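# make a model of this:
(2 chains)
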Number of protein chains: 2
Amino acid sequence: MKKIAVLGFGVVGSGTVEVFYKNKEALEKKAGDELDIKYILEVRDCPDERYRDKFTKNFDEILNDPEICVVVEVIGGLKYSYGYVKSSLEAGKSVVTSNKELVAAKGAELLKIAREHNVNFFFEASVGGGIPIIRPLNQCLSANEINEIAGILNGTTNFILTKMIKEGMGFDEALKIAQELGYAERDPSADVEGLDTCRKICILASLAFGKHVYPDNIHTEGITKITLEDVKYCESMNSVIKLIGFASKRGDDIAVMTCPAVIYEDSQLAGVNDVFNAILVRGDATGDVVFYGKGAGKLPTASAVVSDIIVAAKSENSSKSMHWEDCGQDFIIPYKKLSNKFYVRAKADRKAVESIFGEVRFLSRDGAPDDECAFVTHPINEAEFEEKCSDLNVLGSLRVLEY
Amino acid sequence: MKKIAVLGFGVVGSGTVEVFYKNKEALEKKAGDELDIKYILEVRDCPDERYRDKFTKNFDEILNDPEICVVVEVIGGLKYSYGYVKSSLEAGKSVVTSNKELVAAKGAELLKIAREHNVNFFFEASVGGGIPIIRPLNQCLSANEINEIAGILNGTTNFILTKMIKEGMGFDEALKIAQELGYAERDPSADVEGLDTCRKICILASLAFGKHVYPDNIHTEGITKITLEDVKYCESMNSVIKLIGFASKRGDDIAVMTCPAVIYEDSQLAGVNDVFNAILVRGDATGDVVFYGKGAGKLPTASAVVSDIIVAAKSENSSKSMHWEDCGQDFIIPYKKLSNKFYVRAKADRKAVESIFGEVRFLSRDGAPDDECAFVTHPINEAEFEEKCSDLNVLGSLRVLEY
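Residues are numbered from 1 along each chain as shown, chains lettered A, B, ... in the order given. Got it, this is the predicted structure:
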């Protein structure tokens, strides 16, 4: 019999307990042992009668219980989770988490502690919700050199962009609906400003390239400046706007960024709508592989947590975690050195645009004012692009990415 | 140092050796041990000078060499592979294969032998080429009850159908191009008649539902009867024709079939073109997850083989294989008992159609002869559908599947 503790009984925590007990028999068969949840750590007083005997408010009870071999951290944030996870690993317990903030901020350190104590630190649920991506990336693609990862990693922003693209709804209205449906939080900034996507691409990049990529070092733009005018112009060039996190190998260094981008309709990422996520992985042998599914939500995320629990329970006394090094951030190319094609909408005439950018592809939309001009540049260095834009009354601009 | 033997040096075999030596250092890091290929079994005289010292024509040399811990079977077919794989497992060597025919025909037996000898039998490359699907299905989705799997599992037929849909090319011409490009074999029947897809959906169904599904029991239709007229009618209803293998849980039983089907354009499977494959897995907790990528080809398939080699080398003396039971075929619902919507093209007038099928949705296409009539039925039992069709001059029919 292997005993588990779940830290936190919010959306993911209660989902984890639900999925665990629903599939207990099948899970035990897969784990090759009996399993049970012994504790649920939760500050509220018994929020669910069914698990009355499992609730505790005292983490030390869990930490000091030698029966507990797997600790599931689904509290979120860093404040409590970091200390709980660290001391659990140091006490020789494996940890499973869905906490992308924790993994993005402390992954290298926690993986090292896990290895030193011959236990596991798993986080399949931290990226892509119910989409299996962390383990396939680590294991099944192990025979590949990964050259590029690009993903639609945040369901909330993808829902908002889909409303804007498919229904011509403005950003504010689409955000309001997302909040009403429970897809966006009351303070939606971590989603709409791109931070959530940034954390996730940092985790994927760390894993794929073997070096910890910290979110603070990554250029991150959200979707709050996207307008319906931009959506229309993109439509005229058979493309859509998606919030993309990408990490790309360039020699020994890597480029990592989070930004809204123009994606052509024939890309496998263009058709990913609503709250769905998709992650494209480009390997030297496999070519492009795409993983698609629900990137968030109670049950999809819980299902990823529970599948990690099984592997952790099965792998007691053996360290199967992936690992990556903590070795500075010099390998990350400053974003201003990168080159991209840009879509630009400006208050300008075509002549002025051409005098600054040279030959460009002009775009059109119904009902555009006479003094509005939209175009796509040739590939151009980011720093140079910013400089050129300072000579123009730019209303909006987006990178054009080809996947 | 762990030593490997590769049986067969055809497309996948030579690709495996190539990918192995290209990434040797990274692979050894992942396997936690030095690795080398000691033998390549090949009937031809030294087809590659670089590996001169590894070639052998004598399988017993491999079987009796205690240094060999992983045997890679990439010969294909059953004639030699079955005996070689069986005796390798019985000799306590793990086996990695890309051979879908072998896994579909003998999977349950070989998995049992592997378990009895505490070794592994892995076959990630047998379905979906370089797309990681077998291991994610087994492991990452372990917290789900799988309700449905549906896939575009054969690149050759998907290439042909894409040519027909996108370029209005006839079947024969598209097949010829596929052959010229090396996508189709000189005898293309296993692909175009659906047998290859059938074997793959049998493997996925066996894994997902835990019971061996044998190809002989599965209703299988290919794409040779699809015409450009059908393609046009489907276009008029915003759908495309794809060769689909599906397995679907219905209570305690399952429905499994391979058939060309009408798929609506908003499905994640509809946009899968050319030689690409995609597999949709519907779990009770995750919802729909889709895996997309190159389903065949030398390097993608080799990359899946090599990633299995790593896990096999890492897992010596522990049986990590999945397993499924061999327990008759009574759980497979006879296809004539299934219900579907059907697309039908017939030489008939609308009145006759309605008198037989009741209310239907009629379709139109440019240049249709006056006596041609195409329509979509309500969901109807397969046996009943066949009976009704006998009263009509049916030119073509397809199931309409919604994913």
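# what about the strands in the stretch 151-300 of chain A?
A:219-220, A:239-250, A:253-264, A:276-283, A:287-294 (DSSP state E, counting those that start in this stretch).
# tell me which of the ones you listed approaches residue B:326 most closely.
strand A:287-294 (31.5 Å; CB to CB). (Each C-beta comes from the backbone N, C-alpha and C, glycine too.)
# so what strands line up beside that closest one?
Counting by DSSP bridges, the strands paired with strand A:287-294 are strand A:276-283 (antiparallel), strand B:287-294 (antiparallel).
# could you dump those strands to TSV with mean neighbour count and mean pLDDT?
As requested, those are arranged in TSV below (neighbours: other CB atoms under 10 Å in any protein chain shown; pLDDT from 0 to 100):
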stretch	mean neighbour count	mean pLDDT
strand A:276-283	25	95
strand B:287-294	24	92
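# just the terminal-to-terminal distance for stretch A:339-355.
20 Å (CA to CA, to the nearest Å).
# residue furthest from the geometric center of chain A?
If you look at how far each residue of chain A sits from its centre, by CA atoms, centre = their mean, the farthest one is residue A:351, at 41.1 Å.
# that residue: which element?
helix A:350-357 (DSSP states H and E).
# tell me which residues of that helix come out buried.
A:353, A:356, A:357 (16 or more other CB atoms under 10 Å in any protein chain shown).
# and what of stretch A:114-130?
When burial is assessed from 16+ other CB under 10 Å, stretch A:114-130 yields the following buried residues: A:114, A:117, A:119-130.
# helices - which of these land there?
Among the buried residues of stretch A:114-130, DSSP state H puts residue A:114 in helices.
# closest one of the buried residues of stretch A:114-130 to chain B?
If you rank these by distance to chain B using CB to the nearest CB, residue A:130 comes first, at 3.4 Å.
# residues near the spatially closest residue to the closest one that is not a sequence neighbour, how many?
Counting by CB to CB, 6 or more residues apart in numbering or on different chains, the nearest residue to residue A:130 once its immediate chain neighbours are dropped is residue A:300, at 2.8 Å. Applying other CB atoms under 10 Å in any protein chain shown, we find 29 other residues in the vicinity of residue A:300.
# so what's residue A:300 up against?
Contacts were defined as CB atoms under 8 Å, 6 or more residues apart in numbering or on different chains; by that measure residue A:300 touches A:129, A:130, A:131, A:293, A:294, B:285, B:286, B:287.
# so which pair among those is furthest apart in space?
Distances among the contacts of residue A:300 were taken as CB to CB; the most separated pair is A:131 and B:285, at 12.1 Å.
# higher neighbour count, those two?
Per other CB under 10 Å, whichever of residue A:131 and residue B:285 has more neighbours is residue A:131, with 31 against 25.
# on the pLDDT front, check that one for me.
Reported pLDDT at residue A:131 in the predicted model: 92.
# now do the contacts for the residue nearest the centre of chain A.
Of all residues in chain A, the one closest to the mean position by CA atoms, centre = their mean is residue A:200, 2.9 Å from it. Residues in contact with residue A:200 (CB under 8 Å, 6+ apart) are A:100, A:104, A:126, A:127, A:128, A:151, A:153, A:154, A:245.
# so who does the closest residue to residue A:357 other than its chain neighbours touch?
In space, and not counting its chain neighbours, residue A:357 is closest to residue A:377: 5.3 Å by CB to CB, 6+ apart. The neighbourhood of residue A:377, defined by CB under 8 Å, 6+ apart, consists of A:341, A:342, A:344, A:357, A:360, A:385.
# surely the third one meets residue A:393?
Yep, that's residue A:344 we're talking about. No. In this structure residue A:344 lies outside contact range of residue A:393 using CB atoms under 8 Å: 10.7 Å.
# the more surrounded of those two?
Shown here are residue A:344 and residue A:393; by other CB under 10 Å, residue A:344 has more neighbours (26 against 11).
# re the thing from before, look up how far residue A:152 lies from the residue farthest from the centre of chain A.
Between residue A:351 and residue A:152 the computed distance is 37 Å (CB to CB, to the nearest Å).
# and if you look at residue A:251?
For residue A:251, the distance to residue A:152 under the criterion CB to CB works out to 27 Å.
# these two: which is more packed in?
A direct count of neighbours by other CB under 10 Å for residue A:251 and residue A:152 places residue A:152 higher, at 26 against 7.
# is the more buried one bridged to anything, and to what?
Residue A:152 has the following beta-bridge partners by DSSP bridges: residue A:278.
# these two touch, right, it and residue A:241?
No. With contact defined as CB under 8 Å, residue A:152 does not reach residue A:241; the gap is 11.1 Å.
# which neighbours do the two share?
With contacts taken as CB under 8 Å, 6+ apart, residue A:152 and residue A:241 have no neighbour in common.
# how about the residues of the stretch 201-350 of chain A by chain B?
With CB under 8 Å from any CB of the partner chain as the criterion, the stretch 201-350 of chain A meets chain B at residues A:268, A:271, A:283-294, A:297, A:299-300, A:302-307, A:309-311.
# what pLDDT does the residue nearest to the centre of chain A get?
As summarised for this prediction, residue A:200 has a pLDDT of 98.
# swap in residue A:315?
84.
# roughly how far does it sit from residue A:119?
From residue A:315 over to residue A:119 the distance is 9 Å, taken as CB to CB.
# SS state for the spatially closest residue to residue A:230 that is not a sequence neighbour?
Excluding the flanking residues, the one nearest residue A:230 by CB to CB, 6+ apart is residue A:396, at 5.3 Å. Classification of residue A:396 by DSSP: H, G, I helix; E, B strand; the rest coil places it in strand.
# what's near enough to touch residue A:396?
Shown in contact with residue A:396 (CB under 8 Å, 6+ apart): A:225, A:226, A:227, A:229, A:230, A:344, A:345.
# closest to residue A:12 among those?
Using CB to CB as the measure, the one of the contacts of residue A:396 that approaches residue A:12 most closely is residue A:226, at 29.1 Å.
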